[in-house]
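Novice: Dropping the sequence and predicted coords here.
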Amino acid sequence: MNKNRLIQRNSNALNMKDRGPNLSARNQMLSLLGAQALAVHAIAIAADLGIADLLDAQPQTAEELAAKTGANPDALGRMLHALNSIGVFEQDVKGRHRNTELSATLRRDIPGSLSGWARYMTSNVVNRTFEGLSYSVMTGQPVFPKLFEKTLFEYLAGDHAMGEIFAGGMSSYSSSSVCEAVEVYDFSQAKRIADIGGGHGLFLLGILSATVSSRGILFDLPEVIVQAAAPEPPVLGHRYSTMGGDFFKSVPDRCDLYILRHVIHDWADEEAIRILENCRNAMSPGGKVVIIELLLKAPNQPAFAPFMDLTMLTLLRGRERTVSEYREILTAAKLRLTRVVPTNGLHTLIEAEAVCPA
């Protein structure tokens, strides 16, 4: 090759390298780094101020909203402008803001409101934990105990205010999954259902409302059970009961179906297997377990589950799992995976039965 051509080619390659990354990719990364954390906090502030509730009645200007919420008009307008740019609220030609399908999910007066989830995900406890992600990545251990000198659940038991924020966030996060679950799974086949680690009971009450004669037991720690939701009499009163306990020790006996929703992902394999074993040992002949979780799928696909997996990494010893990983822990608990049932939402139902009568 001509020496001059070689020099020119090398010069061109060097120039291309010096130009840096693709401009479109660079702009996308700039936006990700510059907007995402602020967007989450802006959404939470809007939820706290009840903006979506105020806009449900009629479109309003930032000045009108500021007068009703006590916010600074200019600052609120700037925040709403940012949220408009990502589809949370929208502004008309008269400068009035209105709800979109996204912002409507923040209304407090609707089933499945995400207001509580927004409040939890921007709480000081969660913020501090996520800032410690580097520690978890380097050590493989949750950073929460290092920061707070307690496990997450020990901390929540001792901090009543944060415990309420956590419970509200979990109820908010979980509420929409009721409709998703009953659309794809026939819970009426089970005469006696136990919702293990069921929190305040909204999911179980939703399941029982979708069945005619199934009975349900809400099972969680005693301090959680005392705050559980009450059924509206007389519709479900005779079919709904509560029980306090520790699922690492035992669960209600002789149920046909054990629901584990957002429970197994909190724990490492050893603890998860113990919970599953306790369900298997307690179930009626022919009983089943249904795990309801986010499912890790193939790489390189846009998904929420991998980010929830990072949440588990920083907060607890748990993790999100693939179908194969669920099969492994079920097998270790002497349970056979029978069905994997996707929903129209984010969650998947994983059904299993005893390998042999317990």
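Specialist: Noted; the coordinates are in hand.
Novice: how near is the residue lying closest to Val125 once chain neighbours are set aside to Ser24?
Specialist: Closest residue to Val125 apart from its sequence neighbours, by C-beta to C-beta, 6 or more residues apart in numbering: Met162 at 5.7 Å. (C-beta placed from N, C-alpha, C; glycine too.) From Met162 across to Ser24, the span is 42 Å (C-beta to C-beta, to the nearest Å).
Novice: out of these two, which sits in the busier spot?
Specialist: More crowded of Met162 and Ser24, by other C-beta atoms under 10 Å: Met162, with 17 against 8.
Novice: how about the strands of this protein, start to end?
Specialist: Secondary structure of the chain (DSSP state E): strands located at 90-91, 97-98, 192-196, 215-220, 240-244, 257-261, 288-294, 335-342, 347-354.
Novice: Please name every helix or strand in contact with the second one.
Specialist: It refers to strand 97-98. helix 51-57, strand 90-91 (3 or more C-beta pairs under 8 Å, 6 or more residues apart in numbering; DSSP states H and E).
Novice: okay if I get these as a markdown table plus mean neighbour count, distance to Ala210 and mean pLDDT?
Specialist: Output for the helices and strands packed on strand 97-98, formatted as a markdown table (neighbours: other C-beta atoms under 10 Å; distance: least, C-beta to C-beta, whole Å; pLDDT from 0 to 100):
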| stretch | mean neighbour count | distance to Ala210 | mean pLDDT |
| --- | --- | --- | --- |
| helix 51-57 | 20 | 27 | 96 |
| strand 90-91 | 18 | 34 | 97 |
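Novice: Nearest to Arg317, out of these?
Specialist: Nearest to Arg317 among the helices and strands packed on strand 97-98 is helix 51-57 (35.9 Å), distances taken as C-beta to C-beta.
Novice: List the buried residues for stretch 178-196?
Specialist: Of the residues in stretch 178-196, Val178, Glu180, Ala181, Val182, Tyr185, Phe187, Ala190, Arg192, Ile193, Ala194, Asp195, Ile196 count as buried by neighbour count, 16 or more other C-beta atoms under 10 Å.
Novice: Grab the two from those residues that are most spread out in space.
Specialist: Farthest-apart pair in the buried residues of stretch 178-196 is Glu180 and Arg192; separation 22.9 Å (C-beta to C-beta).
Novice: how long is stretch 274-292 from one end to the other?
Specialist: Terminal residues of stretch 274-292 lie 17 Å apart, using C-alpha to C-alpha, to the nearest Å.
Novice: same question, stretch 230-247
Specialist: End-to-end distance (C-alpha to C-alpha), stretch 230-247: 22 Å.
Novice: Now do that stretch: everything it contacts.
Specialist: 196-197, 201, 204-205, 208-209, 213-222, 224-226, 228, 251-252, 263, 275, 278 (C-beta atoms under 8 Å, 6 or more residues apart in numbering).
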